[in-house]
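**Student:** here is a sequence with its predicted model. Questions after.
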Amino acid sequence: MAPRVESPVRFGVLSFAMYHANFWSLAIADSDLTEFMGIWDDNPERGQCAAKEYGTEYWSNLDSLLDVCDAVAITSETLNHVELAERAAAKGCHMLLEKPLATTMEGCDRIEAAVRQAGVLFMQSFPKRFDPVNQELKNLVDNGELGRITLMRVRHGHLYGLVGDTAHSSWMGDPLLAGGGSLLDEGIHGADLIRWMFGEPEAVMATISYPTGREVEDLGVAIFTFEGGLICELAASSTFAAADNSVEIYGTKGTAVLSGVDLASRDLTGHSYLKVCRLSEDNRQDITTRKWMISDLVPRFKKTPIFHQQNPIQFIEALVQGHQPPTTIEDGRLSLQMILSAYESARHGRMVKIPNSVVLE
């Protein structure tokens with residue numbers, strides 16, 4: 001039984017280094033179930049500006065803020081996730097953590113140990129799971145409407161590497177603070193989407209590239225293989241000037257194509273976001289009868305910040321209702337392991353078996 005927190009949940013935000021802190025703070029400030037206790041940031045000017053914008057208090061002392069909180073959201077530089085999570089857990093604070101979980105698997109171990117010892121609730125940020133259009137895509141797969149899936153392609157990214165990083169902080173170009181480039185920052189969303197759909201891959205072959213000359217990769221492509229022959233291709237980049245199809249799933253009975261669910265396509269794709277072509281017996285006799293069926297669903301990602309607000313909304317509901325959050329520390333670990341294995345493959349130029357992978361039933 002998960003611990004239950006009485007409403008209003010006393011909530012704090014740790015660091016505004018990550019841009020998503022804005023969306024999360026908006027949700028916390030607007031919720032009837034929370035009391036926004038304040039913001040801590042190791043950059044006082046940044047923290048003070050954020051506190052003023054969201055009508056709360058800036059705290060220069062981290063422990064003092066933790067002492068008055070039931071829960072915190074951690075939106076710091078990725079390198080600092082471990083220390084902040086450990087300090088929050090030591091104070092008995094439940095936590096919502098930005099993706100990726102950490103920069104290394106050792107960091108994941110430390111966070112998991114702190115969470116388990118403290119007995120606090122933990123939620124990993126993977127908002128794509130909460131978008132109804134992605135849930136419909138998963139339903140198509142789970143219900144067998146597309147038959148046996150043979151190939152999934154996920155292209156996830158943006159163009160800020162080409163026009164200036166207007167939506168992300170400069171630290172994301174620092175390999176120490178960020179832990180990696182586009183394959184980690186953007187690709188982690190695709191990795192979680194893949195394993196949410198199909199479970200754990202067995203192995204990966206990957207390559208990365210530095211077209212803009214930054215210290216972290218601007219482009220990464222990883223091919224994940226599964227028991228039974230399924231192949232999932234993930235392409236992540238900050239150099240997509242424009243794009244359309246974001247997700248493609250090919251099965252023996254049909255195909256589904258989804259658009260508008262990454263920054264490269266969101267503002268360009270204006271209709272027909274989810275298209276499905278089912279291969280009926282008639283189609284098998286006469287392929288000219290095939291046609292796309294267009295879903296009326298509009299991706300929640302088209303309605304940012306509603307999309308990013310789903311993380312704290314889901315976490316707050318779990319706290320108040322006393323159930324486990326929908327995305328767990330295990331989800332964070334396994335998705336990060338996929339990306340770190342891809343980096344290993346790119347370094348060595350060979351297929352890499354993904355450690356600790358378990359085929360989910």
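**Tutor:** That came through fine.
**Student:** between the two ends of stretch 229-240, how far is it?
**Tutor:** 29 Å (CA to CA, to the nearest Å).
**Student:** typo on my end, stretch 176-185
**Tutor:** This stretch, stretch 176-185, spans 13 Å end to end (CA to CA).
**Student:** got the buried residues for that stretch?
**Tutor:** The neighbour-count check on stretch 176-185 (16 or more other CB atoms under 10 Å) flags 177-185 as buried. Just so you know, the C-beta spots here come from the backbone N, C-alpha and C atoms, and that holds for glycine as well.
**Student:** hmm, residue 98 is touching residue 18, no?
**Tutor:** Yes: with contact defined as CB atoms under 8 Å, residue 98 reaches residue 18; the gap is 5.2 Å.
**Student:** any common contacting residues for the two?
**Tutor:** Counting by CB atoms under 8 Å, 6 or more residues apart in numbering, the contacts common to residue 98 and residue 18 are 75-76.
**Student:** residue ranges with poor pLDDT in this protein?
**Tutor:** 165-169, 357-361 (pLDDT under 70).
**Student:** residue for residue, what is the longest helix it has?
**Tutor:** In the chain, with assignment by DSSP state H, the single longest helix is helix 329-348.
**Student:** just the helices from the stretch 201-350 of the chain, written as ranges.
**Tutor:** For the stretch 201-350 of the chain, applying DSSP state H, counting those that start in this stretch gives helices covering 263-266, 281-285, 306-321, 329-348.
**Student:** for the longest one, buried residues please.
**Tutor:** When neighbours are counted by 16+ other CB under 10 Å, the buried residues of helix 329-348 are found to be 329, 331-346.
**Student:** look up how far residue 270 lies from residue 226.
**Tutor:** 34 Å (CB to CB, to the nearest Å).
**Student:** okay, these two: which has more neighbours?
**Tutor:** Of the pair residue 226 and residue 270, residue 226 is the one with more neighbours under other CB atoms under 10 Å, namely 20 against 10.
**Student:** hang on, that one packs against residue 198?
**Tutor:** Yes: Residue 226 lies in contact with residue 198 (CB under 8 Å); the separation is 6.2 Å.
**Student:** who touches both of those two?
**Tutor:** Contact with both residue 226 and residue 198 is made by residues residue 232, according to CB under 8 Å, 6+ apart.
**Student:** where does the residue lying closest to residue 33 once chain neighbours are set aside land in three-state SS?
**Tutor:** Leaving aside its chain neighbours, residue 33 sits nearest to residue 7 (4.7 Å; criterion: CB to CB, 6 or more residues apart in numbering). Following DSSP: H, G, I helix; E, B strand; the rest coil, residue 7 is assigned to coil.
**Student:** which residues touch residue 7?
**Tutor:** 32-34, 320.
**Student:** how about the strands in the stretch 51-200 of the chain?
**Tutor:** Counting by DSSP state E, counting those that start in this stretch, the stretch 51-200 of the chain has strands at residues 58-59, 71-74, 94-97, 122-124, 149-157.
**Student:** the longest one packs against which elements?
**Tutor:** In terms of contacts (3 or more CB pairs under 8 Å, 6 or more residues apart in numbering; DSSP states H and E), strand 149-157 is packed against helix 187-198, strand 231-237, strand 245-251, helix 263-266.
**Student:** burial measure for residue 279, as a count.
**Tutor:** Residues near residue 279, counting by other CB under 10 Å, number 17.
**Student:** that one reaches residue 286, doesn't it?
**Tutor:** No: applying CB under 8 Å as the test, residue 279 and residue 286 come out as separate, 11.4 Å apart.
**Student:** quick one: contacts for residue 322?
**Tutor:** Residue 322 touches 1-4, counting by CB under 8 Å, 6+ apart.
**Student:** mind running it again at 6 Å?
**Tutor:** By CB atoms under 6 Å, 6 or more residues apart in numbering, the contact list for residue 322 reads 2, 4.
**Student:** show the contacting residues for residue 255.
**Tutor:** Taking CB under 6 Å, 6+ apart as the criterion, residue 255 is in contact with residue 277.
**Student:** 7 Å instead?
**Tutor:** Contact analysis of residue 255 by CB atoms under 7 Å, 6 or more residues apart in numbering lists 146, 249, 277.
**Student:** same check, this time on residue 87
**Tutor:** Shown in contact with residue 87 (CB under 7 Å, 6+ apart): 62, 66.
**Student:** distance of residue 197 relative to residue 146?
**Tutor:** Distance, residue 197 to residue 146, using CB to CB: 11 Å.
**Student:** residues in contact with the most centrally placed residue in the chain?
**Tutor:** Centroid-nearest residue in the chain, with CA atoms, centre = their mean: residue 126, separated by 3.4 Å. Residue 126 is in contact with 99, 192, 327, 331, counting by CB under 7 Å, 6+ apart.
**Student:** quick one, which of those are buried?
**Tutor:** Of these, these count as buried by 16+ other CB under 10 Å: 99, 192, 327, 331.
**Student:** out of the residues you listed, which is nearest to residue 222?
**Tutor:** Residue 222 lies nearest to residue 192 out of the buried ones among the contacts of residue 126, by CB to CB, at 13.3 Å.
**Student:** in contact with that closest one, which residues?
**Tutor:** Per CB under 7 Å, 6+ apart, neighbours of residue 192: 126, 128, 331, 335.
**Student:** isn't the last one right next to residue 191, touching?
**Tutor:** Yep, that's residue 335 we're talking about. Yes: Residue 335 lies in contact with residue 191 (CB atoms under 7 Å); the separation is 4.4 Å.
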